[in-house]
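A.B. asks: predicted model and sequence below, questions to follow.
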Amino acid sequence: MPIAEPITFTEHEIASVRWSQDGLATAIVQEESTGQVLMLAWVNEESLRKSLETGRTWFWSRSRQEFWCKGETSGDRQFIRRAAYDCDVDAILFIVEQEGNGACHTGERSCFFRDFGSGATPGAL
C-alpha cells in the first residue's frame, strides 16, 4: 500500500506561482511508473499547499467550487512522488504513484484515452 509523504517546498516557491485571474494554475498529473499523463486539473494556493504538505493530490473544482482530494470517494488515490513547476511558474506537474483503477472518473486509467482520428465523438462517453 502506498504511503503519503510530504513534499518539501519553500514559501518563496508558493509565492512565485503565477495564478490566473481566477486564482488557479493548471496541474498535470503523470504516473511515475509508466510516464503516462493521467489527468489535468486545477489547483489554487490552498490546494497546492495541501498537496505538498500531505503528499496526496488536492485540487480545486471549478464546477463545484470546492476542494477535493483525488480518490477519497473512488479509492483511486494519488501519492505524490515529485512536484515541479514549469518555466513560467504557471503550471504544476505532479508525478504520482496511482492507486486503484486509475485517474479518470469514467473508469479509464487516464483521462486522455480518446485519440483524434479514432472516430470517437468529443464529449461522448
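C.D. replies: The structure has been received and is ready for your questions.
A.B. asks: and stretch 51-63, what's its mean pLDDT?
C.D. replies: Averaged across stretch 51-63, the pLDDT comes to 97.
A.B. asks: buried stuff in it?
C.D. replies: S51, L52, T54, G55, R56, T57, W58, F59, W60 (16 or more other CB atoms under 10 Å). Heads up, the C-betas are built off the backbone N, CA and C, glycines and all.
A.B. asks: what lies in contact with the helix ranked longest in the chain?
C.D. replies: Across the chain, the helix with the greatest residue count (assigned by DSSP state H) is helix 45-54. Helix 45-54 is contacted from outside by 4, 6-9, 14, 17, 19, 23, 25, 27, 43, 57-60, 67, 80, 83, 92, 94, using CB atoms under 8 Å, 6 or more residues apart in numbering.
A.B. asks: repeat for stretch 98-114
C.D. replies: By CB under 8 Å, 6+ apart, stretch 98-114 touches 1-2, 29, 31, 36-40, 70-71, 74-79, 120, 122, 125.
A.B. asks: mark which of the contacts of helix 45-54 are buried, thanks.
C.D. replies: 7, 17, 25, 27, 43, 57-60, 80, 83, 92, 94.
A.B. asks: and the pLDDT for the residue most central in space within the chain?
C.D. replies: With distances taken as CA atoms, centre = their mean, V29 lies nearest the centre of the chain, 4.3 Å away. Looking at V29, its pLDDT stands at 98.
A.B. asks: how about P122?
C.D. replies: pLDDT recorded at P122 is 71.
A.B. asks: can you count the residues close to it?
C.D. replies: Residues within reach of P122, counting by other CB atoms under 10 Å, total 6.
A.B. asks: not counting sequence-adjacent ones, nearest residue to it?
C.D. replies: Distances taken as CB to CB, 6 or more residues apart in numbering put R114 closest to P122, at 7.6 Å, once the chain neighbours are dropped.
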